[in-house]
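Colleague: Have a look at this fold, sequence not included:
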């Protein structure tokens, strides 16, 4: 995410004095709730969905995720790159390409 976007999220929370409600557990719950609302966009059809509603729910997931990163003092790039390194080791291209199998079944 761009720094300006992250700063805007932080200012929104700060201006409303909402950090007091943002415990890691509350933020994790909020991410799951918003992710469920995102999934609801596809509940009855995987082809017919309201893209604007999808964008709103995905944005909510991302905002709460940024809030959790801040609360835990984490850097998104660092944790994503660490996880990608793990995934690359678990799913080598030569074994995983074109397959949906779990890593222990490759």
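Modeller: Good, I have the coordinates. All values derive from a computational prediction rather than experimental measurement. Numbering: from 1, shown residues only.
Colleague: lowest confidence element among the helices and strands of this protein?
Modeller: Lowest by mean pLDDT, DSSP states H and E among the helices and strands of the chain is helix 93-96, with a mean of 94.
Colleague: Quick check: buried residues in that one?
Modeller: Residues residue 96 are the ones in helix 93-96 that count as buried (16 or more other C-beta atoms under 10 Å). Any C-beta I mention is one placed from the backbone N, CA and C, and that applies to glycine too.
Colleague: contacting residues around it?
Modeller: 103, 106 (C-beta atoms under 8 Å, 6 or more residues apart in numbering).
Colleague: now it, how far from the centre of its chain.
Modeller: Centroid separation between helix 93-96 and its chain, computed with C-alpha atoms, centre = their mean, to the nearest Å, is 26 Å.
Colleague: Next: stretch 53-71.
Modeller: 6 Å.
Colleague: Who are the packing partners of the lengthiest helix in the chain?
Modeller: Counting by DSSP state H, the longest helix found in the chain is helix 51-72. Secondary-structure packing of helix 51-72 (3 or more C-beta pairs under 8 Å, 6 or more residues apart in numbering; DSSP states H and E): helix 3-15, helix 24-40, helix 76-90.
Colleague: Cheers, nothing more for now.
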